[in-house]
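1. Sequence first, predicted coordinates after that:
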Amino acid sequence: MIIKIGWANSNCVYGKSRIKALVKVNEELLALYWNIGAELVRLQKNASWGANILPRLSSDLTKEFPEMKGFSERNLWYCKKFNLFYTGDSELLHQAGAVIGEDNFSGPDPVLFQITWRHQVEIISKCNTVAEALFYVHKTIENGWSRTVLVHQIELDLFHRAGKAISNFRNTLPAVQSDLAQQITKDPYIFDFAALTERYNEKEFEGALADNITRFLLELGAGFTFYGKQVHLNVNGDDFYIDLMFYHIKLHCYVVVELKTVKFQPEYAGQLNFYIAAVDGQLKSPEDKATIGILICKDKNDVVVEYALQNISSPIGVSSFEISRILSEEYQNSLPTIEELEKELNEPTDQ
């Protein structure tokens, strides 16, 4: 028995010609899946359809439109989840305190249809709230994330880290620039790609980040371009070296990054303030905006940071960092060298 519902009837508005038109572009495909999900929600509220609606519908749609994919039971289940998630009907969202419900839901946000279906499936499977999901939708569009990068950012909980650095941006930058400057910060930064020894120092830490500059830039976020490490500044005969320096395309300014492998101390803010002033004096052009400083420490006392930044004239943000790949010196020393591996591979073996 064919289940005759809306888009499953070749003579209705969601007939074959309509479906073929919908799948021509990604936005229309997701709109189709949204409508399928909405219809499934409606039908399953009718007790007469029973629990076998997905296998029955999957079979009927596949027979009706054999040239199309996407009608498997699993995908239809995701269609329903897609609709439920953003309308607020899902139990998970109610438990999380979502405010979007049937009574005030005015239709899907068009931005939902601007990412691929596979991206959308990852988001609705891994996010707990609509706000969190929309954050990752917008970030995917803004940064052109692949599905792998999206999943990685969700697993690193970017939603709860983005824009969380303690800063004095509001007091030292114009309103528009201060908001964007705050948005480019994170707290903590996750440097899970940096394999360091237990007693790593700042030089080793800086080297690990610079050696993995592509992944470091990904963690910093969109807009950062790498300028250099240990950037030399000569101030009236005295030499100074900035750990890492970047240029931010959207902010149109230099960004000085200082790394500390210990807990934040108030004097670190003064040091960074000096570096920013020197960059403004020696490198900044009239077209550039005010240089920004980001201090990344192993740990920090938030109240101490706030006091330290209170009378600092340069825009500075302070964050902590986390590293998951710490190798003990004993373990690192036990790893074979390239030469030892080559020798072992070239030795004859017993037959």
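-> Yep, it's here. Numbers count the residues shown, from 1 in each chain.
2. worst-scoring helix or strand of the protein, pLDDT-wise?
-> helix 91-96 (a mean of 42; mean pLDDT, DSSP states H and E).
3. The helix or strand hosting Leu54: what's the following helix or strand?
-> Element membership of Leu54 [criterion: DSSP states H and E] is helix 53-64. Next in sequence after helix 53-64, counting helices and strands by DSSP H and E, comes helix 73-87.
4. quick check, distance from that next one to the centre of its chain.
-> Distance, stretch centre to chain centre, for helix 73-87: 23 Å (Cα atoms, centre = their mean, to the nearest Å).
5. any idea of the angle that helix forms with helix 53-64?
-> On the basis of axes from the mean of the first three to the mean of the last three Cα atoms, to 10 degrees, helix 73-87 is oriented at 120 degrees to helix 53-64.
6. element containing the closest residue to Ala194 other than its chain neighbours, please.
-> In this structure, Ala194 finds its nearest non-sequential neighbour in Ala208, 3.9 Å apart by Cβ to Cβ, 6 or more residues apart in numbering. Backbone N, C-alpha and C define where each C-beta goes, glycine included. Assigned by DSSP H and E, Ala208 belongs to helix 202-211.
7. Could you check the pLDDT of Gly293?
-> Reading off the confidence values, Gly293 has pLDDT 98.
8. Show me the strands in this protein, by range?
-> Taking DSSP state E, the strands of the chain run over residues 166-167, 189-190, 196-197, 224-235, 238-248, 253-263, 292-299, 316-322, 326-327.
9. Make a markdown table from those strands and add mean neighbour count and distance to Leu112 to it.
-> What follows is the strands of the chain, written out as a markdown table (neighbours: other Cβ atoms under 10 Å; distance: least, Cβ to Cβ, whole Å):
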| stretch | mean neighbour count | distance to Leu112 |
| --- | --- | --- |
| strand 166-167 | 24 | 32 |
| strand 189-190 | 20 | 27 |
| strand 196-197 | 16 | 40 |
| strand 224-235 | 14 | 28 |
| strand 238-248 | 17 | 29 |
| strand 253-263 | 21 | 33 |
| strand 292-299 | 23 | 33 |
| strand 316-322 | 22 | 31 |
| strand 326-327 | 14 | 40 |
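10. would you turn those into JSON lines with distance to Glu28?
-> Below are those laid out as JSON lines (distance: least, Cβ to Cβ, whole Å):
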{"stretch": "strand 166-167", "distance to Glu28": "42"}
{"stretch": "strand 189-190", "distance to Glu28": "37"}
{"stretch": "strand 196-197", "distance to Glu28": "48"}
{"stretch": "strand 224-235", "distance to Glu28": "35"}
{"stretch": "strand 238-248", "distance to Glu28": "36"}
{"stretch": "strand 253-263", "distance to Glu28": "40"}
{"stretch": "strand 292-299", "distance to Glu28": "42"}
{"stretch": "strand 316-322", "distance to Glu28": "42"}
{"stretch": "strand 326-327", "distance to Glu28": "48"}
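11. ok so, going back, identify the residues contacting the helix holding Ala208?
-> Here helix 202-211 makes contact (Cβ atoms under 8 Å, 6 or more residues apart in numbering) with 191, 194-197, 200, 216, 229-230, 243-244, 259-261.
12. With stretch 215-227 instead?
-> Under the contact criterion Cβ under 8 Å, 6+ apart, stretch 215-227 has outside partners 142-143, 149, 162, 184, 186, 189-191, 193, 209-210, 213, 244-251, 254-255.
13. Give me the distance between the two termini of that stretch.
-> 15 Å (Cα to Cα, to the nearest Å).
14. show me what contacts the residue lying closest to Asp280 once chain neighbours are set aside?
-> Leaving aside its chain neighbours, Asp280 sits nearest to Thr291 (5.2 Å; criterion: Cβ to Cβ, 6+ apart). Each residue near Thr291 by Cβ under 8 Å, 6+ apart is listed here: 253-256, 276, 279-280, 284, 314-315.
15. so which of these comes closest to His138?
-> Nearest to His138, judged by Cβ to Cβ, of these is Val255 at 22.3 Å.
16. Kindly provide the distance from the nearest residue to that closest one once chain neighbours are set aside to Thr214.
-> The spatially closest residue to Val255, leaving aside those adjacent along the chain, is Phe246, at 4.4 Å (Cβ to Cβ, 6+ apart). Per Cβ to Cβ, to the nearest Å, Phe246 is found 13 Å from Thr214.
17. ok, now Gln183?
-> 22 Å.
18. And those two? Which one has more around it.
-> More neighbours surround Gln183 than the other of Gln183 and Thr214, with 15 against 8 (other Cβ atoms under 10 Å).
19. follow-up on the earlier one: pLDDT and distance to Val121 added to the contacts of helix 202-211, as TSV?
-> Converted to TSV, these look like this (pLDDT from 0 to 100; distance: Cβ to Cβ, whole Å):
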residue	pLDDT	distance to Val121
Phe191	91	29
Ala194	78	31
Ala195	74	32
Leu196	76	35
Thr197	74	40
Tyr200	83	39
Phe216	91	29
Lys229	93	39
Gln230	94	44
Asp243	95	40
Leu244	95	37
Leu259	95	37
Lys260	95	40
Thr261	92	40
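20. Pull the contacting residues for the closest residue in space to Ile242 that isn't next to it in sequence.
-> Among residues not flanking Ile242 along the chain, Val231 sits closest, at 4.2 Å (Cβ to Cβ, 6+ apart). Shown in contact with Val231 (Cβ under 8 Å, 6+ apart): 241-242, 244-245.
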